[in-house]
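In: what's the 3D shape of this:
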Amino acid sequence: MANATWDKFEAVARSQSDTTAVFAVDRVVSFGELLAASHTLAAGMKVTTGARVLICASNAPEIGACVAAIWFRGAIPVMIDAESPDTHIAHAVETATPELVVTDRDLPDLGDVAILQLGAFAATEGPKAFDPSGVGAIALTDPASIIFTSGSTGKPKGVTQSAGNLLSGVERVSAMLGYKSSDRILCAVPFSFDYGWGQLLSLLLGGVPLVLPSPRNAFGLCAAIENHAPTVFAGVPAAFTDLVSGLSPIRSTDRASVRLITNTGSKIPERTFAELLELFPEAEISLNYGLT
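Out: Coordinates of the predicted model:
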């Protein structure tokens, strides 16, 4: 049974099983471990083909495994910011009618919707006898994700993307930005935002490892750059402004690994842009505009 997104993720994960997929503040997770965790989550995820599964959780390796597990079931991951007010979360549940909500925070009363608290998975080989016959179908034209907007100008709106759109988008971005097998993306954006979602897709469907800073402020970013040597820095103007100003330790951080900086969301302030050029003289800067 064809499943466009799961099949691609599984092929990517198996082809580089021993390669680190996620560099987090307290651990590293390989593609093989990510695949095993997705097997474990899928085995316990009782949702029907085509169902929506709302994810309301902070950036972590478990989110990648959870998205893959949802695809395995032929279901649709629905992303909303973990810091959303309760009213936005309730609106997302009412609008998307998910069969399951996956979260790492306390939620308001959501009625009869099942809730899965997402904890850190152990680095294991996964189930010894995993039955692949449970894979659901996702065609290229089928919905494969729903991303809720931030709701800054009204109630959040769920934007649906097809499997073909996700796969094509990952390939086009990789070609445009010239991603290499040696690249690591520093993701300073929540996965629930379209740009953060794009970085997670580059991991799951493109095989590009992610570096996840924690906290996502200047100190967390500098520590991630120093400790994990990312080559691509994906951010937004607020993150870059925080990085180059105030008490940021960026000037004493080894920045030589960064070859490419990408931006979206809005225009980088001129002063911030000038300081980025000074701090990362060998890096190219790609100014993008994201469309959820």
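
In: can you pull out the strands in the protein?
Out: Taking DSSP state E, the strands of the chain run over residues 20-23, 28-30, 52-56, 76-79, 100-103, 114-117, 143-148, 158-162, 185-187, 210-211, 232-235, 260-263, 284-287.

In: what's the neighbour count on residue 18?
Out: 8 (other C-beta atoms under 10 Å). C-beta coordinates here come from the backbone N, C-alpha and C atoms, glycine included.

In: do the same with residue 152
Out: Residue 152: 6 surrounding residues under other C-beta under 10 Å.

In: What ranges in the stretch 1-150 of the chain fall below the confidence cut-off?
Out: Where the stretch 1-150 of the chain drops to pLDDT under 70, the residues are 1, 122-133.

In: how about 50 then?
Out: 124-129 (pLDDT under 50).

In: got the contact list for residue 26?
Out: With contacts defined as C-beta atoms under 8 Å, 6 or more residues apart in numbering, residue 26 has no neighbours.

In: Now do it against residue 244, distance only.
Out: Residue 26 sits 27 Å away from residue 244, going by C-beta to C-beta, to the nearest Å.

In: quick one: residue 72 and residue 204 touch, right?
Out: No. In this structure, residue 72 is not within contact of residue 204 by C-beta atoms under 8 Å, at 11.8 Å.

In: so where do the helices sit in the stretch 51-200 of the chain?
Out: Here the stretch 51-200 of the chain has its helices, by DSSP state H, counting those that start in this stretch, at 61-72, 86-96, 163-177, 194-204.

In: I'd like those laid out as CSV, including mean neighbour count and distance to residue 54.
Out: Putting the helices of the stretch 51-200 of the chain into CSV (neighbours: other C-beta atoms under 10 Å; distance: least, C-beta to C-beta, whole Å) gives the following:
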stretch, mean neighbour count, distance to residue 54
helix 61-72, 26, 10
helix 86-96, 18, 6
helix 163-177, 16, 18
helix 194-204, 24, 14
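
In: Tell me which of the ones you listed sits nearest to residue 151.
Out: Closest to residue 151 of the helices of the stretch 51-200 of the chain is helix 86-96 (C-beta to C-beta; 5.2 Å).

In: counting contacts, what elements does that closest one pack onto?
Out: Packed against helix 86-96 by the contact rule (3 or more C-beta pairs under 8 Å, 6 or more residues apart in numbering; DSSP states H and E) you find strand 52-56, strand 143-148, strand 158-162.

In: can you tell me which residue is nearest the centre of the protein?
Out: Geometric centre of the chain, nearest residue: residue 200, 3.0 Å, by C-alpha atoms, centre = their mean.

In: Does it touch residue 210 like I think?
Out: Yes. Using C-beta under 8 Å, residue 200 is in contact with residue 210, at 7.3 Å.

In: what do the two both touch?
Out: Counting by C-beta under 8 Å, 6+ apart, the residues touching both residue 200 and residue 210 are residue 187.

In: if we can go back for a sec, let's have the strands of the chain in JSON lines, adding distance to residue 276.
Out: Below are those laid out as JSON lines (distance: least, C-beta to C-beta, whole Å):
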{"stretch": "strand 20-23", "distance to residue 276": "22"}
{"stretch": "strand 28-30", "distance to residue 276": "28"}
{"stretch": "strand 52-56", "distance to residue 276": "32"}
{"stretch": "strand 76-79", "distance to residue 276": "28"}
{"stretch": "strand 100-103", "distance to residue 276": "35"}
{"stretch": "strand 114-117", "distance to residue 276": "39"}
{"stretch": "strand 143-148", "distance to residue 276": "27"}
{"stretch": "strand 158-162", "distance to residue 276": "30"}
{"stretch": "strand 185-187", "distance to residue 276": "14"}
{"stretch": "strand 210-211", "distance to residue 276": "18"}
{"stretch": "strand 232-235", "distance to residue 276": "9"}
{"stretch": "strand 260-263", "distance to residue 276": "6"}
{"stretch": "strand 284-287", "distance to residue 276": "7"}
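
In: Relative to residue 5, which of those is closest?
Out: Judged by C-beta to C-beta, the one of those that comes nearest to residue 5 is strand 143-148, at 5.0 Å.

In: what residues does that closest one touch?
Out: For strand 143-148, contacts defined as C-beta under 8 Å, 6+ apart pick out 4-5, 52, 71, 76-81, 88, 92, 96, 138, 156-163, 165-166, 192-194, 197, 292.
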